[in-house]
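Chemist: I'll drop the sequence and a predicted model, then ask my questions.
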Amino acid sequence: MGENLTQLLEPIASQFRALNLPEPLTHWGHPFFMSIVMFAMGGYGAYAGWKGRLLTATDPETAIKNKTDHQKIMPAMFGFMAIGATGGILSLVIQKHEVMASPHFLTATIVLTFLTINGLISWTGFGGNKPELRKFHAYFGSTIMGMMVIHALMGLKLGLSF
């Protein structure tokens, strides 16, 4: 399947290669921009979600603001991550490296799948505002953030390997 994806993306990759972009940009551009998405957007979004959750009883006004921030930033983060995954795969094709063979690809697939599941839980209104689904969403989201750190480390290892 990786070879088919490479063949599909090769015409686009060859166009980028023709631009003669600096090697550090093609090599480290994807991780640089994705780290901003993961750690700035994801970090703040997770913080806002937890702050909103924890302040509901003691400071409802601040809780609502944080929950609103969480609801705005996390779908955007997911969108950027999905686009970034495509960019990461294209980056490998541009650099003529194997696609879908690294632990980084596996962790990306898991993170995006888990983000989709967690987003769907929220999108359904937590199954009719069920407290156990809200709790699961919060802890599952935190687990996903931890997986993003592992994903970033796998990406660093991949980037340093070639």
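Modeler: That came in fine, so what should we check first?
Chemist: find the centremost residue of the protein, please.
Modeler: M81 (3.8 Å; Cα atoms, centre = their mean).
Chemist: G128 and K135: what is the separation?
Modeler: 15 Å (Cβ to Cβ, to the nearest Å). The C-beta positions use only the backbone N, C-alpha and C, and glycine is treated the same way.
Chemist: between the two, which one's more packed in?
Modeler: K135 (12 against 7; other Cβ atoms under 10 Å).
Chemist: just the pLDDT at that one, thanks.
Modeler: Note on K135: pLDDT of 96.
Chemist: just the element for it, please.
Modeler: Element membership for K135, per DSSP states H and E: helix 131-161.
Chemist: which parts of that helix are buried?
Modeler: 133, 137-138, 140-141, 144-145, 147-148, 151-152, 154-155, 158 (16 or more other Cβ atoms under 10 Å).
Chemist: ok, back up a step: contacting residues for the residue nearest to the centre of the chain?
Modeler: Contact analysis of M81 by Cβ atoms under 8 Å, 6 or more residues apart in numbering lists M34, V37, M38, V111, L112, L115.
Chemist: want to throw these into JSON lines with distance to E10?
Modeler: Converted to JSON lines, the contacts of M81 look like this (distance: Cβ to Cβ, whole Å):
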{"residue": "M34", "distance to E10": "22"}
{"residue": "V37", "distance to E10": "26"}
{"residue": "M38", "distance to E10": "28"}
{"residue": "V111", "distance to E10": "26"}
{"residue": "L112", "distance to E10": "23"}
{"residue": "L115", "distance to E10": "29"}
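Chemist: what's the most distant pair in those?
Modeler: With Cβ to Cβ as the measure, no two of the contacts of M81 lie farther apart than M34 and L115, at 13.5 Å.
Chemist: burial measure for G88, as a count.
Modeler: Other residues close to G88 by other Cβ under 10 Å number 21.
Chemist: N66 too?
Modeler: 21.
Chemist: OK, contacts around it?
Modeler: By Cβ under 8 Å, 6+ apart, the neighbours of N66 are A48, G49, K51, G52, L55.
Chemist: what residue of the protein is the furthest out?
Modeler: Most peripheral residue of the chain (Cα atoms, centre = their mean): T58, 31.7 Å.
Chemist: and F78, how many neighbours?
Modeler: Neighbours of F78 using other Cβ under 10 Å come to 20.
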